[in-house]
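J.: sequence plus predicted model, see below.
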Amino acid sequence: MMDVMSNSKNDIFIVVPAYNEEKTVSHIIEGIAGEGYNVILVNDGSKDNTLNLAIESKRKYPNQIFIVSHVINRGLGAALKTGMVVALNKNADYILTFDADGQHEISDIPKVVKPLQDGEADACIGARPFKDMPLSKNFANSVMNFLTLVFYGRKVKDSQGGLRAFTADAASKIDIVSSGYAVSSEFIKEISDNNLRLAEVEITTIYTPETQSKGTDAIVGLKILFKMILDLFRL
């Protein structure tokens with residue numbers, strides 16, 4: 001009985017940050033809810049129809065989809081922080097982050113949360129196979145992996161991936177201050193600073209024109225590098 005309860009989907013909350021994701025938001029959050037998970041959709045000041053579509057989805061899954069909105073666009077980091085706080089307030093045992101643009105497979109959720117349920121890790125990162133990435137993404141993410149190792153002392157396969165999982169205890173220790181894409185590297189920093197046990201599992205990534213236009217590129221990488229340098233001088 002205890003094993004069944006520990007692997008229940010009711011204690012898993014999936015945080016989905018969304019900014020102008022009207023093309024994919026319904027499919028994503030309804031797909032996750034349809035698998036029995038709880039979804040926290042953080043509408044990060046979207047100017048398109050994202051919020052209205054999310055509200056329609058919530059009507060289909062009123063007990064599984066929860067919506068939080070930022071009045072203005074505050075950035076990926078702020079949206080993830082909001083969603084994780086809400087999940088903790090709802091007594092989640094496991095909290096996952098999941099991109100709203102359709103790049104992740106919902107079927108990978110059990111794979112990412114399993115090391116936590118098995119007591120083998122406090123946090124788990126879904127690592128994208130770099131060989132499947134477009135060349136520019138491969139290069140940018142490889143550089144960020146190297147910088148994450150240099151600045152934060154943690155070697156990981158994919159420092160910039162958006163599918164990750166935390167136990168509630170681990171999530172409560174993580175203090176995110178980055179508002180934008182630098183949050184991905186900051187998660188690694190917080191995992192390292194708090195001596196959390198980290199696991200990595202390979203996941204599938206779906207590349208579309210929309211997903212390729214987001215994430216880490218050269219410009220974003222430079223911004224993250226600047227943030228890392230500032231972290232060295234934080235008291």
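T.: Happy to help now that I have it.
J.: so where's the protein uncertain?
T.: Filtered on pLDDT under 70, the chain yields the residue ranges 1-7, 130-139, 141-142, 145, 207-235.
J.: now do the helices in it.
T.: 2-6, 25-34, 50-60, 76-89, 109-117, 135-152, 168-173, 183-193, 209-212, 218-231 (DSSP state H).
J.: just want the most central residue of the chain.
T.: For the chain, the residue nearest the mean C-alpha position is residue 97 (2.8 Å; C-alpha atoms, centre = their mean).
J.: roughly how far does residue 30 sit from residue 126?
T.: 21 Å (C-beta to C-beta, to the nearest Å). From N, CA and C alone the C-beta is placed, and that goes for glycine too.
J.: those two - which one has more neighbours?
T.: Each of residue 30 and residue 126 has its neighbours counted (other C-beta atoms under 10 Å); residue 126 has more, 26 against 20.
J.: hmm, residue 104 and the more buried one touching each other?
T.: Yes - look at residue 126 against residue 104 with C-beta atoms under 8 Å: they come within range, at 7.4 Å.
J.: mind listing the shared neighbours of these two?
T.: Residues touching both residue 126 and residue 104 (C-beta atoms under 8 Å, 6 or more residues apart in numbering) are 162, 163, 203.
J.: can you give me every residue that contacts the residue found closest to the second one once you drop the neighbours it is linked to in the chain?
T.: Across the structure, with C-beta to C-beta, 6 or more residues apart in numbering as the measure, the residue nearest residue 163 apart from its sequence neighbours is residue 126 (3.5 Å). Each residue near residue 126 by C-beta under 8 Å, 6+ apart is listed here: 104, 108, 111-112, 158, 161-165, 200-203.
J.: cool, residue 192 as well?
T.: 152, 153, 154.
J.: out of these, which is most surrounded?
T.: In the contacts of residue 192, the most neighbours by other C-beta under 10 Å go to residue 152, 21 neighbours.
J.: count the residues that sit near the residue nearest to residue 129 when sequence neighbours are not counted.
T.: Nearest-residue entry for residue 129: residue 202, 6.2 Å, with adjacent residues in sequence omitted and distances by C-beta to C-beta, 6+ apart. The tally of other residues near residue 202 (other C-beta under 10 Å) stands at 13.
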